[in-house]
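Model the structure of this input:
(chains A, B and C)
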Amino acid sequence: MERFGKGHHLHLIDGSGFIFRAYHALPPLTRKSDGLPIGAVAGFCNMVYKMVEDAKGADAPTHVAVVFDHSARTFRNALYPAYKAQRPEPPEDLRPQFPLIREATRAFNLACVELEGYEADDIIATYACQAAEAGGHVTIISSDKDLMQLVRPGIEMFDIMKNRRIGRDEVFEKFGVYPEHVIEVQALAGDSVDNIPGAPGIGIKTAAQLIADYGDLDTLLARASEVKQPKRRETLINFADQIRVSRDLVTLRCDTPVEEPLETLEVREPDPETLLGFLDRMEFRTLTARVAAKLGVAAPVAEAATAPGAGAAPRAEASQGPARPEFPPLDPARHEVIRDAAALEAWVARIADRDTVAIGVKMDGPDEMLADLVGISLATGPGERAYLPLGHMSGPADLLSGETRVPGQMPLDDALALLRPVLEDPAILKIGHDMKADTKILLRHGVAVAPIEDTMLLSYALFAGLHGHGLDLLAEKYLGHAVIPRKSLMGGRGPKTFGEVVIEAAAPFAAEEAEVAWRLRATLRPRLPFAKVTRVYETLERPLVPVLAEMEAHGIRVDRGQLSRLSGDFAQRMAGLEDEIHRLAGGRFNIGSPKQLGEVLFDQMSLPGGKRGKTGAYGTGADILEELAAQGHDLPARVLDWRQISKLKSTYTDSLQAAINPRTGRVHTSYLIAGANTGRLASTDPNLQNIPVRTEEGRRIREAFVAEKGQQLLSLDYSQIELRILAHIADIPALKEAFREGLDIHAMTASEMFGVPIEGMPSHIRRQAKAINFGVIYGISAFGLANNLRIPRDVAKKFIDTYFERFPGIREYMDATVAFAKANGHVETLFGRRIHTPEINAKGPHAGFAQRAAINAPIQGTAADIIRRAMIRVPAAIAGLPAKMLLTVHDELLFEVEAGAVEETAAAVRAVMEAATMPVLALDVPLVVEAGSGANWAAAH
DNA sequence: TTCTTCACG
DNA sequence: GACGTACGTGAAGAAT
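Numbers count the residues shown, from 1 in each chain, chains lettered A, B, ... in the order given. Model prediction:
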């Protein structure tokens, strides 16, 4: 190989810089067949092609290297920790393009250079210096101003997007100094983008002037006291050290330990098969054809996309959604069990190389706040999966020693120490199914997993209303793969928890889960843009995970003594009621049994109104018992009392005591992000979204939810949010006006409908109007309203007709929404969330349900979107305040705040909540938030 | 496991 | 003309 020197011409391409420029300059292009984002890849390939084509003749490069940043952290972080620290993460749809661009580079048979701990700029500097010293000529393909310090005889830059050469004069234009002083100007001026501090108040203009006046930076700093302007003089003296650090930061290193000598960068002809194969895979049709023509080879057949095994997907389908990416079938036997540090280190290296990893954390129980970590599964691609057992226990060896740890497992702390760097690396994406659970348990072990991708939430954004979002179901549906059933490992007479499962059985199960998640992500992620739910997933689903994880982990304090006293109180009253009920019935029976109660009421006592349901049992719901009680029957009235107390005792005062976490002394609910089809959250284990509030008895339970000593509970809730959204969506002038003027909306409705003045409105009239307003949100029907208000159905019908007359627009909204659902199979919220309505075209009684659900979903769903947006913004808004967000109840957020900071927190959160639709959407009505605080939850309302 | 009832927004 | 209904949830206890 000829030694690099005179007559040679080296092109150094700033690959990383180009990626970002191409990404932002070009429209977001995606691959036709599966929606994979490839805009930056396309821009890169066209650029390389153009470069190779244009630079023929005397000026043609003899050597080329494409240089990339290896990772976010470099030696400069050791010099100055804040360096580039506030850089935003690369956009989600750019991330997958990094490896593709490296692949493109290799496909063009160009040297692809990167080095851990160094920036692309340092590698470029090193090669440029070496080449220039050897007597060659260098062109740096970049427009990055940080590289301009390298310009000198033999080294110039070229901005390929603007087709402009950058030489000595162009550098002077930019910095006001020639290249040899660029570093000094940068050191003084600093750079907010890279977090280079520089000298406060001195920009490029002033810096250039100072350097021109004093010759160079060291002289300037030495003679700073001579500077005339007092402010500037002070700055230069006080910030001299900071300026010197800045100079170190901006100075590019020419001694980077590059591995490839210059000679190996020699231009080589690309291998036609490799290059055309790559371009074709990216589906760049024009470029593929051009390159094929150039190389004198036939272009690959375009039909290659319809490969065998794809189920012969017709072309027409390709425009509706991406095809399933093709991977070899999941081989059930292929997994590794990681048992020592060396094996785990190899996995960590592979994960760092791949940029993405699917993980699955296994626990020895269902409660992340209580369970111990049993193992972690990992997958980096098809056939690349492993299980890391950490806490598997053998059964009780004997009654005295209890359980023992199975040998052949790494110590937990050692394993987490090795995994932490990749789990916390902002450049490595962690894929998982229901990552909130994994996040929580890892957080308990001090590992803050980020960033994350969640296949459950991908499914939720794409398919809400169509089917469930469990991993098993999705694997079956979208991968055609039946996973190992959990039941085959646990349950029955077998192991009770995952920790008791033998590693040999646990490993294939756990590793499979990780690989399934990895494959699901590859299949589902590209569908987002086709379903137009990328923004839903990115702004309403994914960012909520860490917010909820923290709330759940924090929990809320409940007063066990208060609950215990209530339980005792309720038990006594139930006993009294039982005696009385049995006396009235003339015999003992199980009051809690609807079947026995029905028989007592309607067979023994022959009370009227006995209606049998579809299972043949009498209905004994509260409405029926109330009807009987109103007729003067005592027994049903006492049963109603008994039921209320019984409900409160079993569901609340007893269960909540059991829900107190012994480790934290608090109650930790768990929110289902993908539980409700409309976008609402659901709360489970325990459900803290249905704590009683409507009755006096119930409020005593709410009083048991308390703040810690010295703190207060602060509650903020949206006032009438769903009616406000209805007013906006259905565009009802009268409603919008009323909300803008802050009127009592139900009184206003009553006034409009019945012609009664708002002043001195009788409460029963207002109550009826309120029921109608709610009914509208629910997809009103005469039957439902009649039932709710206990009025004849024809009267209810009249009410509804009047309502539609008074508020034209409601009817249109309802009809249009149902029509949209019928045509599209889904409805949408104002933020683009899709709720599927598969039953909308059904015949029979199902149709009514589906239609009302379709009418309600955009309203309920938009409200859910709004509070999600608020919750995601809350942490930043209250950062620094002694306040924690504890709970969310559909339109309410509950906080625990140090007593002195209640007002400030309330103001900050209210601002976030009231502006939560912005900047995406400006509602026609104001959002109003009401706040309250107190020592307990009842008092905060 | 399914049904009924009832707590919440 | 009759279906049988208000929308969205989760938990407990009885019935199957």
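
Identify the residues contacting stretch A:454-466?
A:431-436, A:469-471, A:474, A:517, A:520-521, A:524-525, A:527-528, A:531, A:533, A:536-537, A:540-542, A:545, A:673-674, A:677-679, A:826, A:833-838, A:857 (CB atoms under 8 Å, 6 or more residues apart in numbering). All C-beta spots, glycine's among them, are computed from the backbone N, C-alpha and C.

Let me see the ranges of the strands in the stretch 751-900 of chain A.
A:826-828, A:834-836, A:883-888, A:892-898 (DSSP state E, counting those that start in this stretch).

for those, which one sits closest to residue A:563?
strand A:883-888 (17.1 Å; CB to CB).

Which neighbouring elements make contact with the closest one?
Helices and strands touching strand A:883-888, as assessed by 3 or more CB pairs under 8 Å, 6 or more residues apart in numbering; DSSP states H and E, comprise helix A:544-554, helix A:845-877, strand A:892-898.

Show me what the next helix-or-strand element following the first one is packed up against.
Proceeding N to C from helix A:544-554, the next assigned helix or strand is strand A:557-558, under DSSP states H and E. The criterion is 3+ CB pairs under 8 Å, 6+ apart, and the helices and strands that strand A:557-558 contacts are strand A:705-706.

again, only this time at 6 Å
With contacts defined as 3 or more CB pairs under 6 Å, 6 or more residues apart in numbering; DSSP states H and E, there are no secondary structure elements packing on strand A:557-558.

Residue A:369 - nearest residue in space that isn't next to it in sequence?
residue A:668 (4.5 Å; CB to CB, 6 or more residues apart in numbering).

Centre of chain A to the edge, which residue is at the far end?
residue A:586 (59.8 Å; CA atoms, centre = their mean).

How about that one: what's its closest non-neighbour residue?
Distances taken as CB to CB, 6+ apart place residue A:604 nearest to residue A:586, at 7.6 Å, with adjacent residues excluded.

go on, residue A:205?
residue A:176 (6.6 Å).

On the pLDDT front, check that neighbour for me.
Looking at residue A:176, its pLDDT stands at 87.

for residue A:303, same thing?
Per-residue pLDDT puts residue A:303 at 36.

burial count for residue A:802?
By the criterion of other CB atoms under 10 Å, residue A:802 has 14 neighbours.

what about it, distance to residue A:31?
55 Å (CB to CB, to the nearest Å).

Ok, residue A:215 next?
Counting by CB to CB, the gap from residue A:215 to residue A:31 is 55 Å.

Looking at the two, which is more packed in?
Using other CB under 10 Å as the criterion, residue A:215 and residue A:31 rank with residue A:31 on top: 19 against 12.

Tell me which stretches of the stretch 101-250 of chain A form helices.
Here the stretch 101-250 of chain A has its helices, by DSSP state H, counting those that start in this stretch, at A:120-133, A:168-175, A:182-189, A:204-214, A:217-222, A:230-238, A:240-250.

hey, which of these is tucked in deepest?
helix A:182-189 (a mean of 25; mean count of other CB atoms under 10 Å).

Against which helices or strands is that one packed?
helix A:204-214, helix A:240-250.

Switch those over to a markdown table; also include mean pLDDT.
As requested, these are exported to a markdown table (pLDDT from 0 to 100):
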| stretch | mean pLDDT |
| --- | --- |
| helix A:204-214 | 87 |
| helix A:240-250 | 89 |
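
and these as JSON lines, adding distance to residue A:417?
Listed next are the helices and strands packed on helix A:182-189 as JSON lines, based on distance: least, CB to CB, whole Å:
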{"stretch": "helix A:204-214", "distance to residue A:417": "44"}
{"stretch": "helix A:240-250", "distance to residue A:417": "30"}
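
closest to DNA strand B out of those?
Closest to DNA strand B of the helices and strands packed on helix A:182-189, according to CB to the nearest atom of the strand: helix A:240-250, at 51.6 Å.

ok, residues contacting that closest one?
A:76, A:79-80, A:183, A:186-187, A:190, A:196-199, A:221 (CB atoms under 6 Å, 6 or more residues apart in numbering).

What residues does chain A have near DNA strand B?
Residues of chain A lying near DNA strand B by CB under 7 Å from any atom of the strand: A:594, A:613-615, A:617, A:619-622, A:625, A:640, A:643-644, A:647-648, A:651, A:689-695, A:698, A:717, A:860, A:889-892.

Emit the PyMOL select command for whichever of the residues you listed are buried.
Entered in PyMOL, the line below selects the buried ones among the residues of chain A next to DNA strand B, by 16 or more other CB atoms under 10 Å:
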select buried, chain A and resi 620+625+640+643+644+648+651+689+691+692+698+717+860+889+890+891+892
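
Most proximal residue of the stretch 701-850 of chain A with respect to DNA strand C?
Counting by CB to the nearest atom of the strand, the stretch 701-850 of chain A gets nearest DNA strand C through residue A:775, at 2.1 Å.

What of the stretch 101-250 of chain A?
residue A:101 (42.1 Å).

Which residue, other than its chain neighbours, is closest to that residue?
Nearest residue to residue A:101, sequence neighbours excluded (CB to CB, 6+ apart): residue A:44, at 5.1 Å.

Spatially central residue for chain A, please.
residue A:542 (0.5 Å).

about what we covered before: of the helices of the stretch 101-250 of chain A, which is nearest residue A:784?
helix A:120-133 (65.2 Å).

which residues sit against the helix or strand residue A:66 falls within?
Taking DSSP H and E as the definition, residue A:66 sits inside strand A:63-67. Strand A:63-67 has contacts (CB under 6 Å, 6+ apart) with A:10-13, A:15, A:105, A:110-113, A:120, A:123-124, A:265-267.

cool, stretch A:716-727 as well?
A:735-736, A:739, A:745, A:773, A:777, A:859, A:862-863, A:891-893, A:909, A:925, A:928-931.

which residues of chain A score low on pLDDT?
A:1, A:55-58, A:85-86, A:88, A:298-325, A:395-403 (pLDDT under 70).

Phi, psi for residue A:372 please.
In terms of degrees, to the nearest 10, the main-chain angles of residue A:372 are phi -100, psi 150.

these two touch, right, it and residue A:393?
No. Contact criterion CB atoms under 6 Å: residue A:372 and residue A:393 do not qualify, at 9.3 Å.

of all of the stretch 451-600 of chain A, which residue lies closest to DNA strand B?
Closest residue of the stretch 451-600 of chain A to DNA strand B, CB to the nearest atom of the strand: residue A:594 (4.0 Å).

That residue: what's its closest spatial neighbour, skipping adjacent residues?
Using CB to CB, 6+ apart, the nearest residue to residue A:594 is residue A:620, at 4.7 Å.

Kindly report the same for residue A:806.
Closest to residue A:806 by CB to CB, 6+ apart is residue A:752, at 4.7 Å.

For the residue of the stretch 101-250 of chain A closest to DNA strand C, give me its contacts.
By CB under 6 Å, 6+ apart, the neighbours of residue A:101 are A:19, A:41, A:44.
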